[in-house]
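> sequence? don't have it. structure:
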């Protein structure tokens, strides 16, 4: 990234809504008032218009190519964020059966609680196969200790826990269709979509602005919804309506398409994945080679997207945040449930920003260690 861009945009390590690639914002800025010479903003355009439908189709085509999504999967661009899917999933897939949930942090825990609400109404049973609570969600219980159900309707987990900085890099080996929340790690490294029954992800980490959620669902999981599943939460209905049962989040969808274009220009997911590994290694090496900083997550499950860390002397937390902001490093405060600091280094965060953070951390240690 050029010094020009670095001087214009401060390093932003926010967990979400998160950094959007600068070229994407610049293009959106250029097109804001007059999209492709049409004399109006794309925000003012009918979602039913030929022009806008073409935008959505291009976005889906680009996402399918980037992720190598098989033809027997449907792609939906919906509203309500990933949290609304915590309700949609049991309403669509539970239907009197039972489902397995793995709890590895705050977000998978919220998914369990929401699913249990529907179980209480008689829609089925929710089984928590294991929880990482005993380790304070710094590790994942080994699968041999999980209480896995027989003939579960689905198995749900969160691939990357944004708050705790814990990531599961490979899907669990289970027989049930795997439903995974990839909100904070989608598009960050190559995955085999065919291993999953459904992938869902809120947009505000690696896809674009908040307000959009992407659902990638295998066709055989459609048509299973409970009779009173709300229309807007019914995946089959949304597939039939091409994600336009009601007015979609038009601008977020458009910006997602621009992000997909940007990802392609970077060389695709494999290329961005290598950069993400380099960024994470740079930051974790700095933490591990210091007695001043600490990351408690088991090394094999350390997130490459969200890196929480604490200071040996917690009384310096406020000073660290004050000095880092003065240095132009934004949004490093850790989540209130974990404390300390957190650097979210999503796709749009360049390695130069991580280097600036590392340099600051080393300087802060020298001054206060």
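Alright, I've got the coordinates. All of these numbers come straight from a predicted model, not from anything done at the bench.

> Give me the distance between the closest residue to residue 79 other than its chain neighbours and residue 235.
Nearest-residue entry for residue 79: residue 249, 5.3 Å, with adjacent residues in sequence omitted and distances by CB to CB, 6 or more residues apart in numbering. To be clear about C-beta, it is placed using only N, CA and C from the backbone, and glycine gets the same treatment. Residue 249 is 17 Å from residue 235, where distance means CB to CB, to the nearest Å.

> same thing with residue 225?
From residue 225 to residue 235 the distance is 7 Å (CB to CB).

> Then residue 108?
On the measure of CB to CB, residue 108 and residue 235 end up 20 Å apart.

> Using the three-state scheme, assign residue 308.
What DSSP: H, G, I helix; E, B strand; the rest coil gives for residue 308 is strand.

> so what's residue 35 closest to, chain neighbours aside?
residue 42 (4.3 Å).

> can you list the weak-confidence ranges in the protein?
For the chain, residues meeting the criterion pLDDT under 70 lie at 1-7.

> how about a cut-off of 90?
1-9, 95-96, 119-123, 228, 336-338, 369 (pLDDT under 90).

> In contact with residue 155, which residues?
99, 100, 101, 102, 129, 148, 172, 174, 176, 177, 178, 179 (CB atoms under 8 Å, 6 or more residues apart in numbering).

> what bridges to it?
Beta bridges link residue 155 to residue 100, residue 178, judged by DSSP bridges.

> how near is it to residue 203?
For residue 155, the distance to residue 203 - CB to CB - is 24 Å.

> Kindly report the domain assignment for the protein.
Domains of the chain are assigned by automatic domain parsing as 3-13+268-368, 34-265.

> How about residue 282: what's its closest non-neighbour residue?
residue 354 (5.4 Å).

> ok so, going back, and the residue nearest to residue 35, how many neighbours?
21 (other CB atoms under 10 Å).

> That one reaches residue 52, doesn't it?
Yes: counting by CB atoms under 8 Å, residue 42 sits close enough to residue 52 to count as a contact (7.0 Å).

> which neighbours do these two share?
Joint contacts of residue 42 and residue 52 (CB under 8 Å, 6+ apart) are residue 250.

> could you point out the longest helix in the chain?
Scanning the chain for the helix with the most residues, using DSSP state H, yields helix 269-288.

> hmm, who's touching it?
66-67, 187-190, 263, 266, 293-295, 302-305, 307, 309, 343, 345, 347, 349, 351, 354-355, 357-358, 361-362.
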